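1. Sequence unavailable; structure follows:
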């Protein structure tokens, strides 16, 4: 099997290809945009274009798809197109070879599953060992192609670890001065969660949501049709809101969105004893276990729900409410940052609901 086609982003792809052929493509690039709009797939497409023999020789705006470099890249097995993304933590301090073996296994599974994959879970991250692996691989000459490309998906999930300053500094130096012929492409749905030292070393490009026509083309893909079930075509289009990758999410993501909507319902309850009791009960539902995992998924889903509510309020002419809802997103983002530590989710939710209540019902 191979990657699915790239759906949409035609204008952006042409800009990226033109910049590369003109020698203006940044060596360290950050693609930002909503989760589910295909940023990682776009990054992999760009990596394949940079390795494609005919694209380089003939100035093509797309990978040719037939040269040896393209065939390996399309299957996710090109040794010079390295793809990193959040994974469950491997205990201890794994060697780069262990990290690579784990990623290669998952990539092979994704290719077997028609080249489609669900969004990463909140319990997954990019560990410091992965950063060491990237730095090590970047110091080695390309194995097949004339250059090397590193794609780091969900880069905001890079986990800071005590005592890992050396690895972090080496990765930052790599971003700032990649070896000749090396390109690093990071993607992020939450660029505000990236360290400032990372953001300052990359050139950021915004990836827009897909148009309705592009979402329809995505749904028409046979592999997608087998995965997206249980809803009508129009419901799928509306639910995706230009980010059809969200439709591939599994049961854990569905639960996260259900939990997020319950939090929003509790936050907008009136300032009465009954409303206060609802917020207390909503906070009590969250486990005393670590704040990552399902709790992080819920917070990420809550951001999406609030964005959706903001768009609906703007469309219906309720601009003051829309501004307050957009402001509530900042409350959630602050909670997400605090949730990275060893914290009590119940206390965090209680504080979040209080803040959202003040914001949404002034």
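-> The structure has been received and is ready for your questions. If you're wondering where the values come from, they're calculated on a predicted model, not measured in any experiment.
2. Centre-most residue in this structure?
-> When the chain is reduced to its mean C-alpha position, the nearest residue by CA atoms, centre = their mean turns out to be residue 154, at 3.8 Å.
3. is it true that it touches residue 188?
-> Yes. Counting by CB atoms under 8 Å, residue 188 is a contact partner of residue 154 at 6.7 Å. To be clear about C-beta, it is placed using only N, CA and C from the backbone, and glycine gets the same treatment.
4. So for the host helix or strand of residue 103, what gets flagged as buried?
-> Using DSSP states H and E, residue 103 maps to helix 96-112. The neighbour-count check on helix 96-112 (16 or more other CB atoms under 10 Å) flags 96, 99-100, 102-103, 107, 110-111 as buried.
5. Tell me where this protein has strands.
-> Using DSSP state E, the strands of the chain run over residues 28-32, 81-84, 148-152, 182-188, 203-206.
6. What count of nearby residues applies to residue 192?
-> Close neighbours of residue 192, defined as other CB atoms under 10 Å, add up to 12.
7. what residues are up against the spatially closest residue to it that is not a sequence neighbour?
-> Spatially, and ignoring its direct neighbours in sequence, residue 192 is nearest to residue 333 (6.1 Å; CB to CB, 6 or more residues apart in numbering). Counting by CB atoms under 8 Å, 6 or more residues apart in numbering, residue 333 makes contact with 190, 192-193, 303.
8. among those residues, which ones are buried?
-> Buried members of the contacts of residue 333, scored by 16+ other CB under 10 Å, are 190, 193, 303.
9. Name the nearest of these relative to residue 285.
-> residue 303 (19.0 Å; CB to CB).
10. Contact partners for the closest one?
-> Counting by CB under 8 Å, 6+ apart, residue 303 touches 190, 329, 332-333, 336.
11. buried residues in the longest helix seen in the chain?
-> Counting by DSSP state H, the longest helix found in the chain is helix 294-315. Using 16+ other CB under 10 Å as the burial criterion, the residues of helix 294-315 that qualify are 294-306, 309-310, 313.
12. Over to stretch 324-343?
-> For stretch 324-343, by 16+ other CB under 10 Å, it's 324-329, 331-332, 335-336, 339.
13. need the strands of the chain in CSV with mean neighbour count, can you?
-> Listed next are those as CSV, based on neighbours: other CB atoms under 10 Å:
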stretch, mean neighbour count
strand 28-32, 23
strand 81-84, 22
strand 148-152, 26
strand 182-188, 25
strand 203-206, 13
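14. Could you find the lowest-pLDDT member of the buried residues of helix 96-112?
-> On pLDDT alone, residue 96 ranks lowest of the buried residues of helix 96-112, at 85.
15. Excluding residues flanking it in the chain, which one is nearest it?
-> residue 133 (3.8 Å).
16. Which parts of the stretch 1-150 of the chain are helices?
-> 10-21, 39-51, 53-58, 68-74, 96-112, 128-138 (DSSP state H, counting those that start in this stretch).
17. Tell me which of these is the most buried.
-> Highest mean neighbour count of those: helix 39-51, a mean of 25 (counted as mean count of other CB atoms under 10 Å).
18. if we can go back for a sec, just the contacts of residue 303: which are in helices?
-> Checking those against DSSP H, those in helices are 329, 332-333, 336.
19. Which two of those have the greatest separation?
-> Spatial extent of the ones in helices among the contacts of residue 303 (CB to CB) is set by the pair 329 and 336 at 10.4 Å.
20. quick revisit: adding distance to residue 176 and pLDDT, write the contacts of residue 333 out as CSV.
-> Below are these laid out as CSV (distance: CB to CB, whole Å; pLDDT from 0 to 100):
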residue, distance to residue 176, pLDDT
190, 22, 80
192, 21, 77
193, 20, 75
303, 30, 84
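21. What distance do you get for the closest residue to residue 348 other than its chain neighbours to residue 207?
-> Nearest non-adjacent residue to residue 348, counting by CB to CB, 6+ apart: residue 335, 5.7 Å away. Distance of residue 335 to residue 207, computed by CB to CB, to the nearest Å: 25 Å.
22. Could you do residue 117 as well?
-> Residue 117 is 17 Å from residue 207, by CB to CB.
23. got it, and residue 230?
-> From residue 230 to residue 207 the distance is 28 Å (CB to CB).
24. the more surrounded of the two?
-> Taking other CB under 10 Å, residue 230 and residue 207 do not tie; residue 207 has more neighbours (19 against 6).
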